[in-house]
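Visitor: give me coordinates for this.
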Amino acid sequence: MKINAKGLHYRELNREIKDALNKGEKKVELSGINGQRFIGAGLKSNAEISVEGVPGNDLGVFMNGLTIRVNNNCQDGAGNTMNSGKITIHGDAGDVIGYAMRNGKILVKGNVGYRVGIHMKEYKENRPAIVIGGSAGDFLGEYMAGGIIVVLNLNNDFDSDYIGTGMHAGTIYIRGKVDERKVGEGVETKKAGNIKEILPLLKEFCEEFGLDFEKISNSEFTMLSAKSTRPYGELYCY
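Guide: Numbers count the residues shown, from 1 in each chain. The predicted structure is shown next:
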């Protein structure tokens, strides 16, 4: 099913998307997108939404199971508190991507902004993942409580500061070396001797964006993890 979103208010657009999915549509193609917010918000479905244009903030917020493919850039907050599903962005994305996401995957071909992966969490088999092809802004993985973030740094210009600040669980993999002075206090930085756990993510990313899996998977990665589950324990009374 095709929906032309040109001139549509985001509430009207989202109502049309929800109606289509409720009628059993498995693929919805959106054209004319120009900053409409909350696309896919709270929807529970195994359908696919294709987006032509630049979606606004909170794409896929609270979504359950959807696959959203953006064939352009994306604004802030994509995957905000998403429960499951997959968001693929064939361009750059803004700030706070994957905020508090609980499960699912976000793949971004290009660069992302600040505070990506903040408050990510995991529980039992629910382990969210974000893979970034380019670079990331400051405070990557801030207060991270679970999941995986992978930065491929394909343009070799990764220069984020305060990486993992407040991090107390989860893992960050960055292709190449990382200056320890740019890493948050309480974060352990070491060469990743084994990247087995991220190989399926790398393969999926490379297949989606037409990249060389062998070349990327044979690269050197730096692994960041929390030294403590309570990095600021001395600041609290209990």
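Visitor: where does the chain dip in pLDDT?
Guide: 232-238 (pLDDT under 70).
Visitor: just the helices in it please.
Guide: Using DSSP state H, the helices of the chain run over 10-22, 199-209, 213-217.
Visitor: can you redo these as CSV with distance to residue 225?
Guide: Bear in mind the C-beta positions are built from the backbone N, C-alpha and C, glycine included. Shown next, in CSV, are those (distance: least, C-beta to C-beta, whole Å):
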stretch, distance to residue 225
helix 10-22, 38
helix 199-209, 17
helix 213-217, 20
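Visitor: residues making contact with stretch 192-203?
Guide: With contacts defined as C-beta atoms under 8 Å, 6 or more residues apart in numbering, stretch 192-203 is touched by 105, 129, 131, 148, 150, 171, 173, 213, 216-217, 220-223.
Visitor: check which residues of that stretch are buried.
Guide: Neighbour counts over stretch 192-203 (16 or more other C-beta atoms under 10 Å) mark 192, 195, 198, 201-202 as buried.
Visitor: also stretch 224-233?
Guide: Neighbour-count burial for stretch 224-233, counted by 16+ other C-beta under 10 Å, picks out 224-226, 231.
Visitor: now swap in stretch 164-182 and tell me
Guide: 164-175, 178, 182.
Visitor: just stretch 105-125 next, same as before
Guide: Within stretch 105-125, the residues scored as buried using 16+ other C-beta under 10 Å are 105-122.
Visitor: among the residues you listed, which are in strands?
Guide: 105-108 (DSSP state E).
Visitor: and the gap between residue 204 and residue 173?
Guide: Distance, residue 204 to residue 173, using C-beta to C-beta, to the nearest Å: 15 Å.
Visitor: residue 33 too?
Guide: For residue 33, the distance to residue 173 - C-beta to C-beta - is 32 Å.
Visitor: likewise residue 56?
Guide: Applying C-beta to C-beta, the value for residue 56 to residue 173 is 30 Å.
Visitor: and the strands in this protein, which stretches?
Guide: In the chain, the segments counted as strands under DSSP E are 2-4, 27-34, 48-54, 64-70, 84-89, 105-108, 129-132, 145-151, 169-175, 187-191, 221-226.
Visitor: format those strands as TSV; extra columns: distance to residue 209.
Guide: Shown next, in TSV, are the strands of the chain (distance: least, C-beta to C-beta, whole Å):
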stretch	distance to residue 209
strand 2-4	24
strand 27-34	20
strand 48-54	16
strand 64-70	11
strand 84-89	9
strand 105-108	8
strand 129-132	10
strand 145-151	13
strand 169-175	15
strand 187-191	26
strand 221-226	18
